[in-house]
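In: coordinates only, no sequence provided:
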């Protein structure tokens, strides 16, 4: 049995697939991970087969144009010009990555394929091979409608009617793009596709799993049966990683440490963002660990002794030891922080990060965070002190974390993934 996992995007787009790869590997599948070339080391660590997709996609979303679009410096015309440029370039890149996806699936002929929304060819391949494909999203508010929030990228809550329209608008362009960008393969697949047929397949027939916790986002009752929320799944911490003695010593000195990271997000002025954060931490003598990660924050030459800098650290190791977390609001970081009982403040940059910011605030798990566009020392100081001085946030986060740790959606997830995928009645070991 062979499983191919296809994902494009940043590390947050890759992590859910690595967690599922472990489960499929344990269940006896030959696992092939098809990610951008930049992520090969994470696959090699697990000794799965790796198929490198074009590295240009990740370079595009981490480049200077992307930083401008994400809300940094530049006036409106500059940002609009950067966005148009990115759309034009991404369209040409899509031809390359679709060709790679086609070649991989035709060569390997897998039993099951799991892919994210940025990978378009598996959508039509799945119409030719029903039951073998599963669309995975670590984000709510993407394909299936949620009347309490607009589709990602189209604002927050515009009311029941307008929210529904945003999904129909974004889906219309998704289905049109799938049809046009995969057109050269329709005859080969023996398919005569219209936008309406693609819509019917994706919305009501394609297996779709949202790898999010129902504690944070309960499944809407009006969703079709093919769309399921299957909980948050983490990969096992690699045994090769070990903390430094300096890090262990730092953690042993303080009882109430704040972990700060912008994850894979970047911005045009990381030096100033870091300076603002350090000024607040120094003023109030707040111990913190700052993860510079992809460069959204940077380590200066001088900083207070009660601040520790790192450029890479497993969240599943560090977060259980933290009191609070300030982060960009990626789905994985949000889930891990709350699962560890950390009170949380989000500094949203794009898309679902604003949604998680709303959810954190509404559930009383932390203060409403500051969008990166409006971030400064004064606003950060006010919110950080609120988070640390209001015990109700911590109490609520610990209660939610306990509920999340009790979740067990493993069998549900595996039942969906392997349904019809093996092409026979072979029993699959579904417990890790």
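Out: The structure has been received and is ready for your questions. Everything numeric here is computed off the predicted structure, so don't read it as measured data. Numbers count the residues shown, from 1 in each chain.
In: quick check: phi and psi on residue 200?
Out: phi -60, psi -40 (degrees, to the nearest 10).
In: what about it, neighbour count?
Out: For residue 200, the count of nearby residues is 14 (other Cβ atoms under 10 Å). Every C-beta, even on glycine, is put in place using the N, C-alpha and C of the backbone.
In: before we move on, what about the one 3 residues further on?
Out: The tally of other residues near residue 203 (other Cβ under 10 Å) stands at 19.
In: quick one: contacts for it?
Out: Residue 203 makes contact with 143-144, 171, 224, according to Cβ atoms under 8 Å, 6 or more residues apart in numbering.
In: what comes up buried for stretch 294-307?
Out: If you call a residue buried by 16 or more other Cβ atoms under 10 Å, then stretch 294-307 has these buried ones: 294, 296-297, 303, 307.
In: let's see which of those end up in strands.
Out: The strands, defined by DSSP state E, take in residue 307 from the buried residues of stretch 294-307.
In: end to end, how far does stretch 257-264 reach?
Out: The straight-line separation of the ends of stretch 257-264 (Cα to Cα, to the nearest Å) is 22 Å.
In: other residues contacting it?
Out: Contacts of stretch 257-264 (Cβ under 8 Å, 6+ apart): 10-12, 62, 251, 273, 277, 281, 286-291, 293-294, 296-297, 318-319, 321-328, 330, 333, 342, 347, 349, 384, 388.
In: would you state the helices of the stretch 251-400 of the chain in chain order?
Out: For the stretch 251-400 of the chain, applying DSSP state H, counting those that start in this stretch gives helices covering 270-283, 315-318, 331-339, 352-362, 377-389, 391-405.
In: got a list of contacts for the third one?
Out: Taking contacts as Cβ under 8 Å, 6+ apart, the residues outside helix 331-339 that touch it are 12, 15-16, 138-139, 211-213, 216, 232, 234, 261, 263, 315-316, 319, 325, 327, 344, 346, 352, 356, 360, 365, 397, 400-401, 404-405.
In: just the buried ones among those residues, please.
Out: 12, 15-16, 138-139, 211-213, 216, 232, 234, 261, 263, 315-316, 319, 325, 327, 344, 346, 352, 356, 360, 365, 397, 400-401, 404.
In: okay, now the domains of this structure?
Out: Here the domain assignment for the chain is 2-233+409-418, 245-405, based on automatic domain parsing.
In: in terms of mean pLDDT, which of those domains ranks lowest?
Out: Per-stretch mean pLDDT for the domains of the chain is lowest at domain 2-233+409-418 (a mean of 87).
In: tell me where the stretch 101-250 of the chain has strands.
Out: Ranges of strands in the stretch 101-250 of the chain, per DSSP state E, counting those that start in this stretch, are 112-115, 133-137, 207-210, 227-229.
In: can you lay out those strands as TSV showing distance to residue 161 and mean neighbour count?
Out: As requested, the strands of the stretch 101-250 of the chain are exported to TSV (distance: least, Cβ to Cβ, whole Å; neighbours: other Cβ atoms under 10 Å):
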stretch	distance to residue 161	mean neighbour count
strand 112-115	32	26
strand 133-137	24	24
strand 207-210	24	25
strand 227-229	21	20
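In: chain center to the longest strand seen in the chain: distance?
Out: The longest strand of the chain (DSSP E) is strand 30-36. Distance of strand 30-36 from the chain centroid (Cα atoms, centre = their mean, to the nearest Å) equals 17 Å.
In: within the sheet, what are the partner strands of it, with directions?
Out: Strand pairing for strand 30-36, determined by DSSP bridges: strand 2-6 (parallel), strand 49-53 (parallel).
In: winner for burial among these?
Out: Each of these was given a mean neighbour count from mean count of other Cβ atoms under 10 Å, and the largest, a mean of 25, is that of strand 2-6.
In: what packs against the helix or strand that comes right after it?
Out: Per DSSP states H and E, the first helix or strand lying C-terminal to strand 2-6 is helix 11-26. Here helix 11-26 touches strand 2-6, strand 30-36, helix 40-46, strand 112-115, strand 133-137, helix 331-339, helix 410-418, going by 3 or more Cβ pairs under 8 Å, 6 or more residues apart in numbering; DSSP states H and E.
In: can you give me the buried ones in helix 11-26?
Out: In helix 11-26, counting by 16+ other Cβ under 10 Å, buried: 11-25.
In: what does stretch 104-114 rub up against?
Out: Residues contacting stretch 104-114 (Cβ under 8 Å, 6+ apart): 1-6, 17, 20, 24, 29, 32, 34, 51, 121-122, 125-126, 132-134, 136, 417-418, 421-423.
In: same question but for stretch 395-414, I mixed them up
Out: Applying Cβ under 8 Å, 6+ apart, the external contacts of stretch 395-414 come out as 20, 23, 27, 209, 213-216, 228, 230-233, 335, 338-344, 363-366, 428, 430-432.
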